[in-house]
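Asker: Could you look at this predicted model? Sequence included:
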Amino acid sequence: MEPAVPPPDHDDLAASDNRRIVAETMPQHLPGTPQALPSQPHLQDVVVQLFSHHSIVEPILVPAVVEPLLVWVLTGRARVEERALGGAWESTLVEAGDFFLTNTRDPYEMRWQTLECDTFEVMHLYLGLPLIDRAARDRLGEHCAAVSFLDISGARDERVNFILGQLRLELTEERQPSPLFVHSLAQALAVHLIRRYLDPHGSNRRSSALQAYKLRRVLTAMDEGLSEDFNLAQLARIAELSEYHFSRVFKRATGWSPSQYFIRLRMNRARHLLLETDRSIIDIGLEVGYSSPSHFSQVFRREVGVTPSAYRQA
């Protein structure tokens, strides 16, 4: 049975970190013009978006995102102002090569003024939690706690520049970008961020979340059981917790309830199969647990924004 998922409430993002969004939906919350990548393969644990921004005088509310976010300035100069809700504005002058790193669990406000140009262009890169987890285990040990990063505004880091530059070239210049190459660059970036921008207090803030090794077990079980019905009791047993406690700590760790995260995994698999195979939509729906084509189409449209057939054609 498909777990019920309440519709997102964007009118009160500040009320709770439970309303964090996923990377794919960020363009719905930003006023800039998204730039289409020439050819973007299905990427695991990595989301890349390009934007062209004009000046924004009125503040915009930026929702907290589940995944750590890097914003890399590609062209132009701008004065960017940020503030926590109800806080004081902090101003940063940025130009091509500068980057922002955001790992906040709370929404915040932004506005910006372009300088000496009409627009400035940026690249957004979101690193998936499993990718961050693997990098953390590599650097900090197999049983390390979940990590958080410092929030960085308008910094310059030559290694970040090099990795992001290579990633941009792969996605914009290569006729057939390599998912393996992109994933390797993202993994190298995750390791560098953990080495240099790890929040020393992050593990304390997230100590009440699900331990990393238990989260890995649960996510593996979810990924291997996408064709089966969602089973909260089974996942709670894997985590060695009661269903109630498991649901709470899983949401603290990922920003999503277990059922919502399971649906997201299903939709990610479906998107990959739609783009990378010529299998029928009915077969794909069956592989990700939907015996009814209409139900699969309904859930896919709710989560992705278009029907499976429209997604494949686009």
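Answerer: All right, it came through fine.

Asker: Could you list the low-confidence segments of the stretch 51-200 of the chain?
Answerer: Low-confidence segments of the stretch 51-200 of the chain (pLDDT under 70): none present.

Asker: show me where it has strands.
Answerer: Remark: strands assigned in the stretch 51-200 of the chain by DSSP state E, counting those that start in this stretch are 56-62, 69-75, 77-84, 90-95, 99-102, 108-115, 120-127, 152-155.

Asker: now Leu127: how far from Ala310?
Answerer: 28 Å (C-beta to C-beta, to the nearest Å). Where you see a C-beta, it was placed from the backbone N, CA and C, and this is true even at glycine.

Asker: whoops, Ile194 was the one
Answerer: 39 Å.

Asker: These two: which is more packed in?
Answerer: Between Ile194 and Ala310, counted using other C-beta atoms under 10 Å, Ile194 has the larger neighbour count: 18 against 13.

Asker: Next, the contact list for the nearest residue in space to that one that is not next to it in sequence, please.
Answerer: Closest residue to Ile194 apart from its sequence neighbours, by C-beta to C-beta, 6 or more residues apart in numbering: Arg139 at 5.0 Å. Residues near Arg139 by C-beta atoms under 8 Å, 6 or more residues apart in numbering: 191, 194-195.

Asker: so of the residues you listed, which ones are in helices?
Answerer: 191, 194-195 (DSSP state H).

Asker: could you show me where the helices are in the protein, in order?
Answerer: For the chain, the helices defined by DSSP H cover 129-140, 158-173, 179-197, 202-205, 212-224, 232-239, 243-254, 258-276, 281-287, 293-304, 308-313.

Asker: and of the strands of the stretch 51-200 of the chain, who's closest to Leu167?
Answerer: Minimum separation from Leu167 across those (C-beta to C-beta) falls at strand 120-127, 7.2 Å.

Asker: Just checking: what are the partner strands of that closest one?
Answerer: strand 46-53 (antiparallel), strand 69-75 (antiparallel) (DSSP bridges).
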